[in-house]
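> Predicted model follows, preceded by the sequence.
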Amino acid sequence: MTSRANQDQAFVLHSLPYKETSLVVELFCREAGRLPVMAKGAKRPNSALRPVLVSFQPLLVRFSGKSEVKTLTHAEWLGGAVPPEGKSLFAAYYLNELLMRGLQREDPHAPLFDTYASALRALAQGDDMNVTVRGFELALLQHLGYGLDFERDCTGQLLRAEMQYVWIDQAGWQTRTERSDYGVPGELILELGAQGQMTRSMAASFRPVTRQLLLSHVAPNGLLSRVWMEQLLKA
């Protein structure tokens, strides 16, 4: 890696104190991917970085260094974003946890970065949380290589709108049997594949599918923020 300064768009995913005055911050950068940086002196009251390094705000950052943890040399707020509030704030933290668990460091996913930014805007403006979260889950799984097939089942046959399907990991859609705990209507699978727009009925139907895949490939031990979010949704 070169030691020259790099510039990128970024969001703060997580931060931890380092020594007395600094922070180690996990950034999600549009071009660099998930990236840890050292924000020297960021805990000092007069630090220019301190009020900027907050979650859910679009930033322009510059960093340098050859080690795994880069040195943050500049960060400024790009503006134009209202952070999620209330229950939506927990959903936003859930998205951050998914990215922390799912993404390898310095593995760029520019389209996923844009999807994340759109999801934060949707949560901030009060859009349906289940719809927003489920759409992001599917996008993340797609970028990690565990995306769903919206055209064919595990045998290669075209999906049929009138059938019910269950997703078999590493195989694909299988026609629902009486022993299946859930089923996704073929009509919804085909509609989502054709239009790319999540609806409330889709969000409910795909929930067991995304949960299964996330537990298998992203967070085998579960996601703490998901527990919080589901408790709030039931409240």
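Cool, got the structure. Numbering: from 1, shown residues only.

> quick one, strands of this protein?
Secondary structure of the chain (DSSP state E): strands at 6-18, 22-29, 33-39, 59-64, 70-77, 164-168, 172-175, 184-185.

> Those: which one's closest to residue 105?
Closest to residue 105 of these, according to CB to CB: strand 33-39, at 5.2 Å. Every residue, glycine included, has its C-beta placed from N, CA and C.

> for that closest one, packing partners?
Where contact means 3 or more CB pairs under 8 Å, 6 or more residues apart in numbering; DSSP states H and E, strand 33-39 is packed against strand 6-18, strand 22-29, strand 59-64, strand 70-77.

> residues in contact with the second one?
Spelled out, it's strand 22-29. Residues from elsewhere that reach strand 22-29 (CB atoms under 8 Å, 6 or more residues apart in numbering): 8-18, 34-43, 49, 53, 59, 61, 69, 72, 99-100, 103, 108, 113, 116.

> How far away from the center of its chain is the longest helix along the chain?
Ranked by residue count under DSSP state H, the longest helix found in the chain is helix 200-217. Helix 200-217 sits 14 Å away from the centroid of its parent chain (CA atoms, centre = their mean, to the nearest Å).

> okay, the angle between that helix and strand 164-168?
Orientation of helix 200-217 against strand 164-168 (axes from the mean of the first three to the mean of the last three CA atoms, to 10 degrees) gives an angle of 20 degrees.

> JSON lines for the helices and strands packed on strand 33-39, including mean pLDDT, mean neighbour count and distance to residue 135?
Below are these laid out as JSON lines (pLDDT from 0 to 100; neighbours: other CB atoms under 10 Å; distance: least, CB to CB, whole Å):
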{"stretch": "strand 6-18", "mean pLDDT": "95", "mean neighbour count": "18", "distance to residue 135": "18"}
{"stretch": "strand 22-29", "mean pLDDT": "96", "mean neighbour count": "22", "distance to residue 135": "17"}
{"stretch": "strand 59-64", "mean pLDDT": "96", "mean neighbour count": "20", "distance to residue 135": "24"}
{"stretch": "strand 70-77", "mean pLDDT": "95", "mean neighbour count": "18", "distance to residue 135": "26"}
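
> Figure out which of those strands is closest to residue 153.
Checking the helices and strands packed on strand 33-39 against residue 153 by CB to CB gives strand 22-29 as the closest, at 34.4 Å.

> That closest one pairs with which strands, parallel or anti?
The pairing partners recorded for strand 22-29 under DSSP bridges are strand 6-18 (antiparallel), strand 33-39 (antiparallel).
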